[in-house]
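# 3D, please:
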Amino acid sequence: MNRLGFNVYVPIGYLPRVFEHRARPVLSKARFALRLLRHLGWASLLVLFSLALGVWGYMYFAGLSLVDAFLNASMILGGMGPVDPLRNDAAKWFASFYALYSGITLLGAVAVFLAPVMHRMLHVLHLEQH
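Sure, this is the predicted structure:
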């Protein structure tokens, strides 16, 4: 029962397993490297999507060229701040929301990439208890 008094039942096969169970042995270095590359790919896709969104927004709202929009989106996504001054309110609104989105997205991308490392570390530490 949960805190509200309802029975909570999640079938074992319902949730997909991304990582091995703690009772299973640690992955080999080769399989772990592949898992790390897969997570790096997902994190890279998230960053590339975010960069494309920023380039589009700076081109559409601020009227910047492709190169200038890429520069501004890259700087915001990397946490550095915009380069070009924004001349209208729509561009300023976009830049504000894109900066907030970028900060959260960067943290999310790092979490996606580091999840296998953290899981392996915790898995190894837990195996020592057996």
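# Counting by contacts, list what the longest helix along the chain packs against.
Looking across the chain with DSSP state H, the single longest helix is helix 89-127. Judged by 3 or more Cβ pairs under 8 Å, 6 or more residues apart in numbering; DSSP states H and E, helix 89-127 is in contact with helix 29-61, helix 66-77. All C-beta spots, glycine's among them, are computed from the backbone N, C-alpha and C.
# burial of residue 126, as a residue count?
Under the neighbour criterion other Cβ atoms under 10 Å, residue 126 is assigned a count of 12.
# and if you look at residue 86?
With neighbours defined by other Cβ under 10 Å, the count for residue 86 comes to 19.
# So for it, what's the pLDDT?
Predicted confidence (pLDDT) for residue 86: 92.
# still on that earlier bit, which of the helices and strands packed on helix 89-127 sits closest to residue 119?
Closest to residue 119 of the helices and strands packed on helix 89-127 is helix 29-61 (Cβ to Cβ; 9.0 Å).
# Now the closest one: buried residues?
For helix 29-61, burial by neighbour count (16 or more other Cβ atoms under 10 Å) applies to 35-36, 39, 43, 46-47, 50-51, 53-55, 57-59, 61.
# do stretch 114-130 as well
In terms of neighbour count (16+ other Cβ under 10 Å), stretch 114-130 has its buried residues at 115, 116, 119, 120, 123.
# Same check on stretch 73-89?
73, 75, 76, 77, 82, 84, 86.
# if I pick the fourth one, what's in contact with it?
Shown in contact with residue 77 (Cβ atoms under 8 Å, 6 or more residues apart in numbering): 47, 50, 51, 54, 102, 105, 106.
# and the gap between it and residue 26?
34 Å (Cβ to Cβ, to the nearest Å).
# cool, and the third one?
Residue 76 is 39 Å from residue 26, where distance means Cβ to Cβ.
# what's the answer for the second one, then?
Shown here: residue 75 relative to residue 26, a distance of 40 Å by Cβ to Cβ.
# remind me which residues of the protein are low pLDDT?
Along the chain, segments meeting pLDDT under 70 span 1-17, 22, 127-130.
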